[in-house]
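this is a predicted model, with the sequence first.
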Amino acid sequence: MDLALGDIANLVGGQLNGDAAIPISGAAIIRDANAGDITLADKAQLASQLADCRAAAVLVPPDVTPSGVPFVTVSNVHASFAKIVEHFRPHSNTQPYGVSAAAHISPTARIGRDVVVYPTATIGDDVQIGEGCIIHPGVHILAGSKIGNHVTLFPNVVLYENTVIGDRVIIHAGAAIGAYGFGYDTVDGRHKLSAQLGYVSIADDVEIGAGTTIDRGTYGPTSIGEGTKIDNLVMIAHNCRIGRHNLICSQVGIAGSSTTGDYVVMAGQVGLRDHIDIGDRAILGAKAGIMTSVPADTVYVGIPATADREQFQKQAALAKLPDMRKQFKALQRQVAALAEKLNDAA
Amino acid sequence: MDLALGDIANLVGGQLNGDAAIPISGAAIIRDANAGDITLADKAQLASQLADCRAAAVLVPPDVTPSGVPFVTVSNVHASFAKIVEHFRPHSNTQPYGVSAAAHISPTARIGRDVVVYPTATIGDDVQIGEGCIIHPGVHILAGSKIGNHVTLFPNVVLYENTVIGDRVIIHAGAAIGAYGFGYDTVDGRHKLSAQLGYVSIADDVEIGAGTTIDRGTYGPTSIGEGTKIDNLVMIAHNCRIGRHNLICSQVGIAGSSTTGDYVVMAGQVGLRDHIDIGDRAILGAKAGIMTSVPADTVYVGIPATADREQFQKQAALAKLPDMRKQFKALQRQVAALAEKLNDAA
Amino acid sequence: MDLALGDIANLVGGQLNGDAAIPISGAAIIRDANAGDITLADKAQLASQLADCRAAAVLVPPDVTPSGVPFVTVSNVHASFAKIVEHFRPHSNTQPYGVSAAAHISPTARIGRDVVVYPTATIGDDVQIGEGCIIHPGVHILAGSKIGNHVTLFPNVVLYENTVIGDRVIIHAGAAIGAYGFGYDTVDGRHKLSAQLGYVSIADDVEIGAGTTIDRGTYGPTSIGEGTKIDNLVMIAHNCRIGRHNLICSQVGIAGSSTTGDYVVMAGQVGLRDHIDIGDRAILGAKAGIMTSVPADTVYVGIPATADREQFQKQAALAKLPDMRKQFKALQRQVAALAEKLNDAA
């Protein structure tokens, strides 16, 4: 499966700078590249890493000109590198075999054309599934759920009753959509579960990471807006309304009834309290503890979180505090000496 | 399925204030309500939100009197609203079909009356299951586990060997009960797993959220006390003993051998170190990093956590620190000037 | 199943100090021991807890000599106590029955000798599994994965396509290995998923906790080094390279392309940003927010994290800040008074 460097240049429509006959045996990022591999450098800053790299050649965009290594210049370095990787590590041609006889499908479920359902998946009463969906093994879709077209549910995804899913949604392994909300009334010293009559509604083009959990609303939907991407092990509580095109990184937790606007970004391990509203395009820094609503177009960081400028001032002052404390004691002594001197003078 | 507002008042035994003929076509919370819906307002503070809401009517408790919108007054607004929601979105009448032939059940397992076991569930040797339990698809109950009456295990729950579960317990999708504890001895540069002879014991009326993990004890039980409620993606480590009627919110992590009293509350993303004890009715604030035992009836917040009063003083002082730093420099200059003046005078 | 204390001493080859005829009916740690149980005390500091314990006898190492309770002295107290626990709570002798006919295995998969595959597990095209592996129910191994010898996959583990697993690896319930990395390019206001051509590579003797997720690399591997142990609900993002013999505690999150050396320890709920490098033997304290690379042989704590000494100075200064603030105001007043006095004198 070796390829000459000239053939690789042809494969990606790139401009070759170096010996076309060099044999290339694999493709890997700079950190992992071995002798014989082609690698990629998408920024000029990677030059120093390239110098230490054993790769036989490198794929670059037009504004990067490496020295001391053959290179191929292309306009879209990532798309081209993907093509090369796929040459060396081709996708196995798994033949999807339609709806497996070893899946368990309610007679009242309706399944669209070109749907694949793997063995051990279960599909409950009155479930509707659109065209071209892929339902992996161990997926369990409870009664009344409605799924759009070209949706992929990876193994062991669980959809509770009445979940609504749009088109082109991807949900990764083990995500749980629609479990009970964590709402309790304490009566006579015992916690009583609140109503669990709602469901989860997920709009088109949403992607949800492995192990993520989104709880159903109390009376109506917990909803995720179009195009929003959610990473692994994220928790979104009951009654939340997440806006469109959000990016929610791993291990974020959003408490009940909070809402976000569009294009909100939350870095890893952010926590939001309940019943607050995050404005459009707000950015919440890693590990931020958000205790108040956040205005649009702001950056919040810290625990408890504030606007970033305020937080940086605090952190800078805190870093200098041990020093300031020493200076403060010195100043106290100086003032005491002055006071004595003044007393003596009087 | 439309209902006149007067019929809704009758359905919930409420007092109508408005036109009984108004047609109602759905029920939703204030944020989500459309024209034609009935909504609910359980507090007078919601009046301003009601003013912006398109709902055709509102359900209220006796101490709330909205203006400008027809309303129905009831004593228990949440129970009544649930009844209305169920009218508009009735539960599908899934017929539980007993023990599925497509479940995999050991011949030595004993299963009580009126138990439902869905396809693809597996039940190991010597497992005992009480009456009226619901075992969803993809649940795997390993050998020797004992489950009480009226327990619900949602899809893909895993119970490792010898797990003990009380009555009326609910465990949500993907929770893993009884995995190995994270205990290692490092011998000759290699980490060797400690003994894994224990199990997990869960008392009556406990509820456990989706994706939560509770590890087995080293030699005996990791235990969860009666009536305790645990949210999603919580981690409870080996040998912990959690008390009764705790509320443990999402993404909390409790390290090995720690214990809690009764009625402890932990907000989201709290972390507890190992081998500490949390007193009865202690409250641990969101994201708190608990590094010491916590006395009963106290509130701990912060990282590292302290009693809340202490923490608020620190935070208040920190917020004023950038300002204090400026004043401090001014004071240094003033003292230097004074010292010079005094020298000149001498 | 009762045993005389003398028989227990014989069972573990220990030295008895007390009445050999005392009947022992169980074994439990000090906190949980009832009358009739034998317990263990591995450190002299446990003496005070022993005094309050109802155990009939105690197992101790040579350097612990309890008073007022019969004891058995052994060289390895934990191994010996494990033996006693196993006497009272023997492992059920489940007969592994080879490869279940109710598992779903591709005709192109190759499975080694003495492998157990439980019902409802699925194994995809071209998968290779070595000798002596145990594949629990609900495990789904997607096409092209390669698994070494003596590997245990607990229920509902998911391996995505082309996952590579070494020998003696243990993966706990619900872990998801190889889901898509969270990498997006935003084009015309829509987030487009990056290439997902890589896979996850896990070396020998790695152990992975319940619910943990490890995402595939973009073009090549996300890799976990030999002997590394990972706790529950940990997130390791795409392209990370984790070194050998790391200990990664529960709920840690590591963002994309970061690397660790050997023998790194991360306490619970630590977060690492992307593209940083953690040196050999570094220790990252609980909840640390690691925003920069960390040198070898250092301890980092805090949010944002710094070397521990720096952090402790900050925290100590912060704890005294409310007090310092009062003293500062007093000093301001004193200086003002001095200034006035000096003016009057002039």
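That came through fine.

per-residue confidence for A:E86?
We note a pLDDT of 92 for A:E86 in this prediction.

and for the one 5 residues further on?
What the model reports as pLDDT for A:H91 is 77.

give me the neighbour count for the closest residue to A:N149 other than its chain neighbours.
Closest residue to A:N149 apart from its sequence neighbours, by CB to CB, 6 or more residues apart in numbering or on different chains: A:G130 at 3.8 Å. The C-beta positions use only the backbone N, C-alpha and C, and glycine is treated the same way. Residues lying near A:G130 (other CB atoms under 10 Å in any protein chain shown) number 20.

these two touch, right, A:G130 and A:S145?
No: counting by CB atoms under 8 Å, A:G130 does not reach A:S145; the two are 11.7 Å apart.

quick check: domain ranges of chain A?
A:3-88, A:157-304 (automatic domain parsing).

these: which one's closest to chain B?
domain A:157-304 (3.7 Å; CB to the nearest CB).

so which residue is dead centre in chain A?
Compute the mean C-alpha point of chain A, and by CA atoms, centre = their mean the closest residue is A:D231, 3.1 Å away.

is it true that that residue touches C:Y180?
No: A:D231 lies out of contact with C:Y180 (CB under 8 Å); the separation is 9.8 Å.

so what sits against both of the two?
Counting by CB atoms under 8 Å, 6 or more residues apart in numbering or on different chains, the shared contacts of A:D231 and C:Y180 are A:G209.

quick check: the gap between A:E161 and chain C.
21 Å (CB to the nearest CB, to the nearest Å).

give me every residue in the stretch 151-300 of chain A lying close to chain C.
A:154-156, A:170, A:172-174, A:205, A:207, A:209-211, A:227, A:229, A:231-233, A:245, A:247, A:249-251, A:263, A:268-269, A:286-287 (CB under 8 Å from any CB of the partner chain).

now tell me what touches the helix ranked longest in chain A from outside.
Secondary structure of chain A per DSSP state H: the longest helix is helix A:321-345. Residues outside helix A:321-345 that contact it (CB under 8 Å, 6+ apart): B:321, B:325, B:328, B:331-332, B:335, B:338-339, B:342, B:345-346, C:313-314, C:316-318, C:320-321, C:324, C:327-328, C:331, C:334-335, C:338, C:341-342, C:345.

now do the buried residues in that helix.
Residues A:321-322, A:324-325, A:328, A:331-332, A:334-335, A:338-339, A:341-342 are the ones in helix A:321-345 that count as buried (16 or more other CB atoms under 10 Å in any protein chain shown).

with stretch A:116-133 instead?
So, applying 16+ other CB under 10 Å, buried residues of stretch A:116-133: A:116-130, A:132-133.

what strand or helix carries the residue nearest to A:G261 when sequence neighbours are not counted?
Distances taken as CB to CB, 6+ apart put A:D280 closest to A:G261, at 3.5 Å, once the chain neighbours are dropped. Using DSSP states H and E, A:D280 is not contained in any helix or strand.

is A:D280 in contact with A:D262, as I believe?
Yes: between A:D280 and A:D262 there is a contact under CB under 8 Å: 5.0 Å.

which one of the two has more residues nearby?
Neighbour totals were compared for A:D280 and A:D262, and A:D262 leads with 18 against 15 (other CB under 10 Å).

ok, now which ones touch that one?
Per CB under 8 Å, 6+ apart, neighbours of A:D262: A:G225, A:G243, A:R244, A:H245, A:N246, A:D280, A:R281.

now swap in A:L59 and tell me
So A:L59 contacts A:12, A:14, A:38-41, A:71-72, A:74, A:77, A:80-81, A:84 (CB under 8 Å, 6+ apart).

present the residues you listed as JSON lines; the columns should include neighbour count, distance to chain C and secondary structure.
JSON lines is the format used below for the contacts of A:L59 (neighbours: other CB atoms under 10 Å in any protein chain shown; distance: CB to the nearest CB, whole Å; DSSP: H, G, I helix; E, B strand; the rest coil):
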{"residue": "A:V12", "neighbour count": "20", "distance to chain C": "14", "secondary structure": "helix"}
{"residue": "A:G14", "neighbour count": "19", "distance to chain C": "17", "secondary structure": "coil"}
{"residue": "A:I38", "neighbour count": "26", "distance to chain C": "11", "secondary structure": "strand"}
{"residue": "A:T39", "neighbour count": "28", "distance to chain C": "9", "secondary structure": "strand"}
{"residue": "A:L40", "neighbour count": "27", "distance to chain C": "8", "secondary structure": "strand"}
{"residue": "A:A41", "neighbour count": "23", "distance to chain C": "13", "secondary structure": "coil"}
{"residue": "A:F71", "neighbour count": "26", "distance to chain C": "17", "secondary structure": "strand"}
{"residue": "A:V72", "neighbour count": "28", "distance to chain C": "16", "secondary structure": "strand"}
{"residue": "A:V74", "neighbour count": "21", "distance to chain C": "14", "secondary structure": "coil"}
{"residue": "A:V77", "neighbour count": "22", "distance to chain C": "11", "secondary structure": "helix"}
{"residue": "A:S80", "neighbour count": "22", "distance to chain C": "11", "secondary structure": "helix"}
{"residue": "A:F81", "neighbour count": "25", "distance to chain C": "6", "secondary structure": "helix"}
{"residue": "A:I84", "neighbour count": "24", "distance to chain C": "9", "secondary structure": "helix"}
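
just checking, A:G144 touches A:D125?
Yes: if you go by CB under 8 Å, A:G144 and A:D125 touch, sitting 7.2 Å apart.

how close does A:G209 sit to C:N232?
Here A:G209 is placed at a distance of 17 Å from C:N232 (CB to CB, to the nearest Å).

same question but for A:V299, I mixed them up
Counting by CB to CB - A:V299 and C:N232 are separated by 32 Å.

higher neighbour count, those two?
Taking other CB under 10 Å, A:V299 and C:N232 do not tie; C:N232 has more neighbours (32 against 17).

what sits against the closest residue in space to the more buried one that isn't next to it in sequence?
Using CB to CB, 6+ apart and skipping residues adjacent in sequence, the residue nearest C:N232 is C:G209, 3.6 Å away. By CB under 8 Å, 6+ apart, the contact set of C:G209 is B:A179, B:Y180, B:F182, B:T213, C:H172, C:A175, C:I230, C:D231, C:N232, C:L233, C:V234, C:S250.

among these, which one sits closest to C:R273?
Nearest to C:R273 out of those is C:V234 (CB to CB; 15.9 Å).

how about that closest one, what does it touch?
C:G209, C:T212, C:T213, C:I248, C:C249, C:S250, C:Q251, C:V252, C:G253, C:I254.

and these, which two are furthest apart?
Top of the distance list for these (CB to CB): C:T213 and C:C249, 15.4 Å.

more crowded one of those two?
Neighbour totals were compared for C:T213 and C:C249, and C:T213 leads with 30 against 27 (other CB under 10 Å).
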